[in-house]
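**Q** I'd like to go over a predicted model; first the sequence, then the structure.
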Amino acid sequence: MTRQLCLAALVALLATPAAGFYLPGVAPTDYTKGTVLNAKVEALTSVRTQLPYEYYILPFCNQGVNMESQEALNLGEVLRGSRIYDTPYTFKLGYDETCKVLCRRKYDQQDIQAFALMIEEEYRSHFLLDNLPTAMSVFHETDDGETTKAYETGYPLGFVNTPVDEEGEEVAKEKQTETPKIFLFNHLRFTILYHEDPNRHGIRIVGFEVEPFSVKHKYMNQVDWKQCLNKMAGQGGHCNLNTCSKDKEVNLSAEPMLLSPDKKDSTEVVWTYDVHYKPSPIRWSTRWDAYLQSADDAQVHWFSILNSFMIVLFLSGLVAMIMVRTLRRDFQRYEQQDFLEEGQEETGWKLVHGDVFRPPIMAGWLSVLTGTGVQLAVSSFILMVFACFGFLSPANRGALMQAALFLFVFMGMFGGYTSARLFRMFKGNRWKSNGLWTAMLYPGTVFCIFFVLNLLIWGQKSSGAVPFGTLFALLCMWLGISTPLVLAGAYFGFRKQPIEHPVRTNQIPRQVPQTPWFVDGPLNIIVGGVLPFGAVFVEVFYVLSSIWLHQFYYLFGFLFLVLLILLLTCAEITIVMVYFQLCCEDYHWWWRSFLTSGCCSLYLFVYSIYYAFSKLQMARSVAFAVYMGYMLIISSSFFLITGAFGFLCTLFFVRKIYAAIKID
């Protein structure tokens, strides 16, 4: 009866409406009609350079904007190069406004060349309204003939009119006979979607769309442009434009705004924008769905992941079944000692029982790498749990990176404890040195790579360069928090009783016989990484796209399951490879187990190079260097996590099988 009451209470709790639950910092804001809204702007980004720049590095309109003030950013936003400023774009909620004049600017040749370079490198601008990024609507036609709407965040600064051949394809740059024309988007049409429920709340913004236009504005009479700021053209007889007015919108047939980088005279540009409001049935709690589901190949994504799941689960079951049957046969053979003729020697993995737990060469380094891998694995696991529960939503910009940093710092005790336990098992006694290496090796290497990349980015005058104050803060987190926690974990780990092996180790090491070619070390290691990488390569594509193509990634639940399958596959493949190695009387399995499991990171790094050449068209050599540097850090982290997990699972397996046999 008590169990039934508990179950009923749990069901009732889960069924309770959760409309009133909002994550910290992302609660809705209610507006009233006529409220003046100000748009903010993030950094300019490009998939061709991977170098963000502050919005006002280009001479955009900035009347009435305090250029010294900048929105406070968290650590994750600073590290990803985000810089948020105010803009002169203002919207009066609920009132459509057409052809509002922002400003008129005259640009010299240097300014025009800066605009032209950014347009050629496909830079996009990103406005923010009520914490929602602006997006362009893109329509796709499905196989059923239905048209679906998706979003592309931001909008391009302009476009390049590249010549095309008779088949409609772009002519290669080296074959072009004339210089491509560059056009600037100087008119923006904003559409603000809102949801209103007078009985429960006021007006809530649920969408922020933009459509850019290139218009060469013309005007007849002398215009006082200072009086035209944020006023509709023609309103009150002022700011009259021939191309648009408060009663006439800009159309696509208007003459576009051409930029001529070789022109020495100044170029006049009039910046304008429209604002339209549209009621929407979208509720505030689901307003991010349109951004997250913006990929047109979502079905391919789901089916590919499901296919990988089925293949890996089938192979895992097959490997597990073979191992169980083989081990059972081995145990039966070793227990039936009566069937062995007198003088007949034992064969197989039992023969190396006196050497299988002999400490390997560079045992201290193995314990350091394993401890670091455990630290990374624990922090990644907690990060994925928080992400699956929605605490790291895209509404909290930079939250994912910030949480990852803090979790790694505070999980240092797990790394130090694991490293010290293994180090003592290997008969080591300098636990302080071991703990310091665990605290310094991986973070120090990552910090050095990051520092060099930061200098390269700083040389490009990009906002992606992390300020030295932030670098000093990261250094303090590493040396002031992470290192003491690692040493504390190492202290407690070394104080515990050492791990006792199920069999004694001989004083004289046994000579290892010649092993077959298919059990050879390098080949064994390389082959062992194929199947684990095959379990995740589809998901790797989408993760890389979210990082380098500036897309939102939201399938954390699926990613969590895929990573669990990856670790399961790493453990099984490593155990099988080590079992074959022990059957060949080769007891040097310690490093082999770590490298076999971690070798999938090599495939990840190679695949990232292929991805760079197939999907990313890097416009600068610095961008490629930054990409390779960050992928090296990601691949190294992947290597430590998978290597540590495979090694620990193999250690558990070897201890179990040798504890199950009788040794004279």
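**A** That came through, no problem. Numbering: from 1, shown residues only.
**Q** Stretch 488-500: which residues count as buried?
**A** Gly489, Ala490, Tyr491, Gly493, Phe494 (16 or more other CB atoms under 10 Å). Every residue, glycine included, has its C-beta placed from N, CA and C.
**Q** Turn those into a markdown table, including distance to Val576.
**A** Converted to a markdown table, those look like this (distance: CB to CB, whole Å):
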| residue | distance to Val576 |
| --- | --- |
| Gly489 | 32 |
| Ala490 | 33 |
| Tyr491 | 37 |
| Gly493 | 30 |
| Phe494 | 33 |
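**Q** May I see these arranged in TSV, with distance to Lys231 and secondary structure as well?
**A** What follows is the buried residues of stretch 488-500, written out as TSV (distance: CB to CB, whole Å; DSSP: H, G, I helix; E, B strand; the rest coil):
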residue	distance to Lys231	secondary structure
Gly489	64	helix
Ala490	68	helix
Tyr491	70	helix
Gly493	70	helix
Phe494	73	helix
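**Q** and which of those residues is nearest to Tyr553?
**A** Checking the buried residues of stretch 488-500 against Tyr553 with CB to CB, the nearest one is Gly489 at 31.7 Å.
**Q** which helices and strands sit right next to the helix or strand harbouring Gly415?
**A** Under DSSP states H and E, the secondary-structure element containing Gly415 is helix 412-425. Packing partners of helix 412-425 (3 or more CB pairs under 8 Å, 6 or more residues apart in numbering; DSSP states H and E): helix 363-388, helix 431-459, helix 483-495.
**Q** Which one of these lies nearest to Ser546?
**A** Ranked by CB to CB, the member of these that lies closest to Ser546 is helix 363-388, at 12.5 Å.
**Q** If I take the closest one and helix 483-495, what angle do their directions form?
**A** Inter-element angle recorded for helix 363-388 and helix 483-495: 120 degrees (by axes from the mean of the first three to the mean of the last three CA atoms, to 10 degrees).
**Q** Could you point out the helix or strand that follows helix 363-388?
**A** As assigned by DSSP H and E, the chain's next helix or strand after helix 363-388 is helix 399-410.
**Q** which of the residues in that following helix are buried?
**A** Ala399, Leu400, Met401, Gln402, Ala403, Ala404, Leu405, Phe406, Leu407, Phe408, Val409, Phe410.
**Q** Just the closest of those residues to Lys106, please.
**A** Sorting the buried residues of helix 399-410 by distance to Lys106 puts Met401 at the head of the list, at 40.7 Å, by CB to CB.
**Q** tell me the contacts of that closest one?
**A** Leu75, Gly76, Leu79, Arg80 (CB atoms under 8 Å, 6 or more residues apart in numbering).
**Q** can you tell me which of those are in helices?
**A** Taking DSSP state H as the definition of helices, those contribute Leu75, Gly76, Leu79.
**Q** and stretch 116-124, average pLDDT?
**A** Throughout stretch 116-124, pLDDT has a mean value of 93.
**Q** Repeat that for stretch 650-662.
**A** 85.
**Q** Could you tell me the phi and psi values at Tyr587?
**A** Comment: the main-chain dihedrals of Tyr587 come out as phi -100, psi 10, following degrees, to the nearest 10.
**Q** What distance do you get for Lys461 to Asp111?
**A** 16 Å (CB to CB, to the nearest Å).
**Q** Between those two, tell me which one has more neighbours.
**A** A count of neighbours by other CB atoms under 10 Å puts Asp111 above the other of Lys461 and Asp111, at 17 against 11.
**Q** if I pick the more buried one, what's in contact with it?
**A** By CB under 8 Å, 6+ apart, the residues touching Asp111 are Leu58, Pro59.
**Q** secondary structure element for it?
**A** In this structure, Asp111 sits in helix 109-120 according to DSSP H and E.
**Q** packing partners for the helix or strand following that helix?
**A** Using DSSP H and E, the helix or strand that follows helix 109-120 in sequence is strand 124-125. Counting contacts by 3+ CB pairs under 8 Å, 6+ apart, the secondary-structure elements packed against strand 124-125 are strand 155-156.
**Q** Neighbouring strands - and their directions - for the strand it packs on?
**A** Partners of strand 155-156 in the sheet, by DSSP bridges, are strand 124-125 (antiparallel).
**Q** So, low pLDDT: which residues of the stretch 451-600 of the chain?
**A** Per-residue confidence for the stretch 451-600 of the chain (pLDDT under 70) gives these ranges: 517-518.
**Q** For Gln511, give its distance to Ser593.
**A** When CB to CB is the yardstick, Gln511 and Ser593 sit 21 Å from each other.
**Q** sorry, that was for Gly364
**A** From Gly364 over to Ser593 the distance is 17 Å, taken as CB to CB.
**Q** Restrict the helix or strand harbouring Phe159 to CA atoms and write it as PDB.
**A** Following DSSP H and E, one finds Phe159 within strand 158-161. Taking C-alpha atoms only, strand 158-161 is exported to PDB below (Å, rounded to 0.1, in the frame of the first residue of the first chain):
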ATOM      1  CA  GLY A 158      26.400  42.400 -48.000                       C
ATOM      2  CA  PHE A 159      26.900  40.200 -51.000                       C
ATOM      3  CA  VAL A 160      29.300  39.700 -53.900                       C
ATOM      4  CA  ASN A 161      27.800  39.400 -57.400                       C
END
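**Q** Can you list the buried residues in the helix or strand following that strand?
**A** Reading on from strand 158-161 to the C-terminus, the next helix or strand found by DSSP H and E is strand 181-184. Residues of strand 181-184 classed as buried under the neighbour-count rule (16+ other CB under 10 Å) are Ile182, Phe183, Leu184.
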